[in-house]
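> kindly generate the corresponding structure for this input.
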Amino acid sequence: MAFCVLYPSLFSENLTPLFRNLRVPRGRNGARFMANSRESSQSPTKLVTFLGKGGSGKTTAAVLAAKYYASEGLRTCLVIHSQDPTAEQLMGCKIGSAPTECSDNLSAVKLETSKMLLEPLNRMKKVDARLNLTQGVLQGVVGEELGVLPGMDSIFSALALQKLVNFRSDERNAAPKEFDMVIYDGISTEETLRLIGVTERARWYLKYMRSMSEKTDIGRLTSPSLLKLAYDSINLNSGSSEGKTSTDIWNEVEQILERASASFTDLSKFRCYLVMDPMRSVSISSALRYWGCAIQAGTHICGALGFNPQSYAVTQEVAEKFSPLSFALLPYIGTDPFVEWETKLDSLDQSTKDLLGANIYFRPSVTFDSLQKTVTLFMPGFDKSEVKLYQYRGGSELLVEAGDQRRIIKLPPNMHGKVIGAKFTDRNLVVKLR
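Predicted structure coming up:
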């Protein structure tokens, strides 16, 4: 329950545009961008992010991707969540917490958690003033006095990105999109992985909080009031909890989280790439590891990108390590503030453009064989000593732990049963059931 009360706008219907008065999208030749582009104006906003070791070029890749999409006539927004000035130098413009239009079709914003604290607090204050739940105590809290606690950065990144891409909506209530592409450059790869998995993990917590609210005396006493405060704060401008039972509210929140979680496996909404320096073995090893971690977090990797090495042999060797992922090269880009972006974009080969356009194939991370009663989990970047397997719920699901991530695998009804063996071979964990 605390999660919903502290961070109500995670499910917010208030999709007030962060960016207004954008120019009509134009491509590199100056022509207006029409719906026959690969990224149709009718398709949902796509969130793109990059994973890799620190110093591997994630920020550079994010800026390059933003420049590329904008040059193709796509309305693009680069979102950074760091005080590092690298993105500003590469973009050639000052980026602040308010939206900045840097060039045709390209805007940028820097997320600052201390400022993002204010909106959800003010929303709860307005509802509390009407309900008088805290008897005025909440009204005395001054948002500007509150500091940022560990974990808040990831939560408020999720809130800000939710407003831009609206993962929690369905097609019937989707608001008009402001952007075709949102490029997110997070604080670190680990934080980005937490962000990717947050909605699915929140569903676990929600299940237990709901059980506590329905089966304990204190839950039955306090839950209705807290639910009403949270729900009315969320829907401040679009309705209230009047006429809704606690069961209705719990079910609605569960549906919202389920839609948001599914979006991270939908290529029409989310793309995630690995980035590395092909000349550094530690950078390659880290990218392989993050490939497995991303699967554990609940998403797919669209491809691997490396900055152009001097040796063709190196390129081939790296590409083989990441097979069956597509591997493409990015041009070397220094941190000089005067980057010749036109030249850099012209140097992109077709394979790189195809990869950024998500013209890809990826293998499923889980396959079920009902005849052999086996479950095969694709787990690149790990070895067998790092994988732990648990079973709960009477044999209806598996819990796999690896890479500081836990993942639940729900088994098909005809495969429910006890685990009788498991082996790790060729980057796959093969689980045998009885």
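> so is Leu377 in a helix, a strand, or just coil?
strand (DSSP: H, G, I helix; E, B strand; the rest coil).
> which non-adjacent residue is nearest it?
Nearest residue to Leu377 in three dimensions, chain neighbours excluded: Leu429, at 4.4 Å (C-beta to C-beta, 6 or more residues apart in numbering). (Each C-beta comes from the backbone N, C-alpha and C, glycine too.)
> repeat that for Gly394.
That would be His416: by C-beta to C-beta, 6+ apart, it lies 7.4 Å from Gly394.
> cool, and Ala87?
Ile80 is the one closest to Ala87 (C-beta to C-beta, 6+ apart), at 4.8 Å.
> quick one: contacts for the one you found?
Contact analysis of Ile80 by C-beta atoms under 8 Å, 6 or more residues apart in numbering lists 59, 62, 87, 95, 108-111, 185.
> go again with 6 Å.
Each residue near Ile80 by C-beta atoms under 6 Å, 6 or more residues apart in numbering is listed here: 87, 110, 185.
> out of these, who has the most neighbours?
Scoring the contacts of Ile80 on neighbours with other C-beta atoms under 10 Å, the highest-scoring entry is Asp185 at 27 neighbours.
> neighbours of the residue nearest to Gly394, just the number please.
For His416, the neighbour count with other C-beta under 10 Å is 14.
> again, but for Val137
Val137: 9 neighbours (other C-beta under 10 Å).
> same question, Glu242
Count around Glu242 with other C-beta under 10 Å applied: 7.
> one more: the one 10 residues further on?
Neighbour count for Glu252, taken as other C-beta under 10 Å: 15.
> look at it and report its pLDDT.
Turning to Glu252, the model gives it a pLDDT of 78.
> now go through the contacts of Ile80 and say which are in strands.
In strands, defined here by DSSP state E, the members of those are 110, 185.
> pLDDT and distance to Ile155 for the contacts of Ile80 - can I get that in JSON lines?
Output for the contacts of Ile80, formatted as JSON lines (pLDDT from 0 to 100; distance: C-beta to C-beta, whole Å):
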{"residue": "Ala87", "pLDDT": "89", "distance to Ile155": "22"}
{"residue": "Lys110", "pLDDT": "93", "distance to Ile155": "17"}
{"residue": "Asp185", "pLDDT": "94", "distance to Ile155": "18"}
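> for Val275, state which of the contacts of Ile80 is nearest.
The closest of the contacts of Ile80 to Val275 turns out to be Asp185 (C-beta to C-beta; 10.7 Å).
> which residue ranges make up the domains of the protein?
Listed by automatic domain parsing, the domain ranges of the chain are 2-114+150-356, 366-433.
> can you tell me which of those domains is packed in deepest?
domain 2-114+150-356 (a mean of 18; mean count of other C-beta atoms under 10 Å).
> and it, how far out from the chain's middle?
5 Å (C-alpha atoms, centre = their mean, to the nearest Å).
> so where do the strands sit in the stretch 251-400 of the chain?
Remark: strands assigned in the stretch 251-400 of the chain by DSSP state E, counting those that start in this stretch are 270-276, 303-307, 327-330, 366-369, 374-378, 388-392, 397-402.
> of these, which approaches Tyr68 most closely?
Nearest to Tyr68, of all the strands of the stretch 251-400 of the chain, is strand 327-330, at 9.9 Å by C-beta to C-beta.
> what strands flank the closest one, and is each parallel or antiparallel?
Counting by DSSP bridges, the strands paired with strand 327-330 are strand 303-307 (parallel).
> what angle sits between the lengthiest helix in the chain and strand 270-276?
Secondary structure of the chain per DSSP state H: the longest helix is helix 189-215. Put simply, helix 189-215 runs at 140 degrees to strand 270-276, going by axes from the mean of the first three to the mean of the last three C-alpha atoms, to 10 degrees.
> elements contacting helix 189-215?
helix 152-165, helix 217-234, helix 246-263, helix 281-297 (3 or more C-beta pairs under 6 Å, 6 or more residues apart in numbering; DSSP states H and E).
> okay, now the closest residue to Leu118 other than its chain neighbours: neighbour count?
Nearest non-adjacent residue to Leu118, counting by C-beta to C-beta, 6+ apart: Gly143, 4.4 Å away. Residues lying near Gly143 (other C-beta under 10 Å) number 14.
> surely Gly143 touches Glu119?
No. If you go by C-beta atoms under 6 Å, Gly143 and Glu119 don't touch, sitting 8.8 Å apart.
> and the residue lying farthest from the centre of the chain, which of the three is it?
Distance to the chain centre peaks in the chain at Gln135, reaching 37.6 Å (criterion: C-alpha atoms, centre = their mean). With three-state DSSP as the basis, the three-state label of Gln135 is coil.
> and the pLDDT for it?
Looking at Gln135, its pLDDT is 80.
> tabulate the domains of the chain (a markdown table), appending distance to Val127.
Converted to a markdown table, the domains of the chain look like this (distance: least, C-beta to C-beta, whole Å):
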| stretch | distance to Val127 |
| --- | --- |
| domain 2-114+150-356 | 4 |
| domain 366-433 | 34 |
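> surely Val182 is in a strand?
Yes. The assignment for Val182 is a strand, going by three-state DSSP.
> list the contacts of stretch 249-263.
Stretch 249-263 has contacts (C-beta under 6 Å, 6+ apart) with 11, 167-168, 199-200, 202-203, 210, 227, 231, 269-270.
> ok so, going back, my guess is the residue nearest to Leu377 meets Met379, correct?
Yes. Using C-beta under 6 Å, Leu429 is in contact with Met379, at 5.4 Å.
> contacting residues for Leu411?
Listed by C-beta under 6 Å, 6+ apart, the contact set of Leu411 reads 396-397.
> which regions of the stretch 251-400 of the chain sit below the pLDDT cut-off?
Regions of the stretch 251-400 of the chain meeting the criterion pLDDT under 70 cover residues 335-337, 359-361.
> quick one on the thing from earlier: and the helices and strands packed on helix 189-215 as CSV, adding distance to Val314?
CSV is the format used below for the helices and strands packed on helix 189-215 (distance: least, C-beta to C-beta, whole Å):
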stretch, distance to Val314
helix 152-165, 34
helix 217-234, 51
helix 246-263, 36
helix 281-297, 10
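> of those helices, which approaches Ser311 most closely?
Of the helices and strands packed on helix 189-215, nearest to Ser311 by C-beta to C-beta is helix 281-297, at 13.7 Å.
> send the alpha carbons of the closest one over as CSV?
Taking C-alpha atoms only, helix 281-297 is exported to CSV below (Å, rounded to 0.1, in the frame of the first residue of the first chain):
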residue,chain,number,x,y,z
SER,A,281,37.5,-7.3,-23.5
VAL,A,282,36.0,-6.1,-20.2
SER,A,283,33.5,-4.0,-22.2
ILE,A,284,32.5,-7.0,-24.3
SER,A,285,32.2,-9.2,-21.2
SER,A,286,30.0,-6.6,-19.5
ALA,A,287,27.7,-6.3,-22.5
LEU,A,288,27.3,-10.1,-22.6
ARG,A,289,26.5,-10.1,-18.9
TYR,A,290,23.9,-7.3,-19.3
TRP,A,291,22.3,-9.3,-22.1
GLY,A,292,21.4,-12.0,-19.6
CYS,A,293,20.4,-9.4,-16.9
ALA,A,294,18.0,-7.7,-19.4
ILE,A,295,16.3,-11.0,-20.1
GLN,A,296,16.0,-11.6,-16.3
ALA,A,297,14.5,-8.1,-15.9
